[in-house]
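> Please work out how this folds:
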Amino acid sequence: ALKKIDRRPQDFGGLLTFIPSFNFNSDEGFIFGGTSVYNRYGFRYDPYKYRLSANAVYATRTRGYSLEINTHFAGLIKNVLTGFSGKLSGSQFSKFYGMGNSSTLDKELNKSDFYKVESHHLGLAQLFSFKLGSSITLKTGIELKSIYTENKPYTIIDNKTIKGTGRVSFASVYSGITYSSALQKTVPLPKTSVGIFVSYSKGVLGSRFDLTKTGIEISQSLLENVLPRSFLTISLKAEKVFGNFPFYESAMLGGGEYLRGYALNRFSGDALVAAKADLDIYLFNTMIFLPADISLLLLSDAGRVFLNGETNSKLHYSIGGGFNLGYFRRMFNMKIYGAGSEEGAKFYISALFSF
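Presented below is the predicted three-dimensional model:
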């Protein structure tokens, strides 16, 4: 007897994951959050047929929040990853210290919330991602965003020279290209990475701003074959903003990734240059709940911003150190460190997956 053939398409299934996040810095306090990701797989779809993700973050000190939803589709356009996203956030720029490389931070004014800024951000974007070989990715997209910044009396933005208070809306186009080399042998990080971007934003719905941003960032890891399980990463960054722009679209330095040890977004201008060095020295492996690689962290940052008409050329710098706990062959890392500058010290905790 003939067997009936089941011609229904095969179900390749899906995978739902949740990745919690926990961070701390002296400016924003404890930052709790998490990301839920659902991947749907299909025949001849690489790496997936589509992906849905939702991310939520809350910062205790600034009471800032961020809610973001992203979708990525591999089959809408052949060989192109098509993405859509929506984002809502509050207190995205918790403090602003004025424009220029020589802007001052008064400790007494800081305690009275003179520098505090409350803003709310709503954005919708579409992104196209093209794989140009195994190491190069080209991304281009469009975005509509609206930012409301409250103009509170007796604060730094209660000033006619500060542009960008009230409601500001933009339509933007973006293009960027990234290169990432093969991963290192002992840690899941690329030896070399390069990113270049350019964006143009035009004010809409009555907003009269018109600006172009461009930038480049380069990172190179060294010493992989000199010290076992250790590496030195050198990173360089440059950015330039052209046109008429609100204060929160400035080129900003401080806290975060560059000039650690300074307040978050401490310096604002129409251009910036910055560099940092991170040395991770493996010490030993031990049991802290699970097997963990313990390493010593040493860091040094330097940078400055530029502003049309300003003559100050001072280079700001910071140094610091701490420890890293690396789990699952350093696929998960918890860094605990501090950094000091001429304006004081800042402390950081970051827990993140390297994938």
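> neighbours around the residue nearest to residue 256 when sequence neighbours are not counted, how many?
Counting by Cβ to Cβ, 6 or more residues apart in numbering, residue 256 lies nearest to residue 264, which is 6.2 Å off, once chain neighbours are set aside. Where you see a C-beta, it was placed from the backbone N, CA and C, and this is true even at glycine. Residues lying near residue 264 (other Cβ atoms under 10 Å) number 21.
> Residue 50 too?
Per other Cβ under 10 Å, the neighbour tally for residue 50 reads 20.
> Next, the residue lying closest to residue 197 once chain neighbours are set aside: phi, psi?
With sequence-adjacent residues excluded and distances taken as Cβ to Cβ, 6+ apart, residue 197 is closest to residue 176, at 3.5 Å. When read as degrees, to the nearest 10, the backbone of residue 176 gives phi -150, psi 150.
> dump the residue contacts of residue 176.
138, 139, 140, 195, 196, 197, 198 (Cβ atoms under 8 Å, 6 or more residues apart in numbering).
> and if you look at residue 195?
Going by Cβ under 8 Å, 6+ apart, residue 195 touches 176, 177, 178, 179, 216, 217, 218.
> And stretch 138-148, what's buried?
139, 141, 143, 145, 146, 147 (16 or more other Cβ atoms under 10 Å).
> dump the residue contacts of the nearest residue to residue 258 once chain neighbours are set aside.
Nearest in space to residue 258, with sequence neighbours left out and distances taken as Cβ to Cβ, 6+ apart, is residue 274 at 4.2 Å. Residue 274 makes contact with 236, 237, 238, 253, 258, 259, 301, 302, 303, 304 under the criterion Cβ under 8 Å, 6+ apart.
> Helix or strand: which one has residue 274?
strand 271-288 (DSSP states H and E).
> Residue 52: what secondary structure?
Following DSSP: H, G, I helix; E, B strand; the rest coil, residue 52 is assigned to strand.
> Report the contact partners of it.
37, 38, 40, 69, 70, 71.
> still on that earlier bit, okay, among the contacts of residue 176, which ones form the most distant pair?
Greatest spatial distance in the contacts of residue 176: 140 and 195, 13.9 Å, computed using Cβ to Cβ.
> Now do the same contact list for residue 84.
Residue 84 makes contact with 70, 71, 125, 126, 127 under the criterion Cβ under 8 Å, 6+ apart.
> quick check, nearest of these to residue 28?
Proximity of the contacts of residue 84 to residue 28 (Cβ to Cβ) peaks at residue 70, which lies at 22.5 Å.
> State the pLDDT value of that closest one.
For residue 70, the pLDDT comes out at 96.
> list the contacts for it?
Residues near residue 70 by Cβ under 8 Å, 6+ apart: 51, 52, 53, 54, 55, 83, 84, 85.
> list the buried ones in whichever strand or helix holds it?
Assigned by DSSP H and E, residue 70 falls within strand 65-77. Under the neighbour-count criterion of 16+ other Cβ under 10 Å, strand 65-77 has 65, 66, 68, 70, 72, 73, 74 buried.
> Note down every partner strand of it and its orientation.
In the sheet, strand 65-77 lines up against strand 50-59 (antiparallel), strand 80-90 (antiparallel) (DSSP bridges).
> Need those in JSON lines (columns: mean pLDDT and distance to residue 13).
Listed next are the strands paired with strand 65-77 as JSON lines, based on pLDDT from 0 to 100; distance: least, Cβ to Cβ, whole Å:
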{"stretch": "strand 50-59", "mean pLDDT": "94", "distance to residue 13": "13"}
{"stretch": "strand 80-90", "mean pLDDT": "93", "distance to residue 13": "20"}
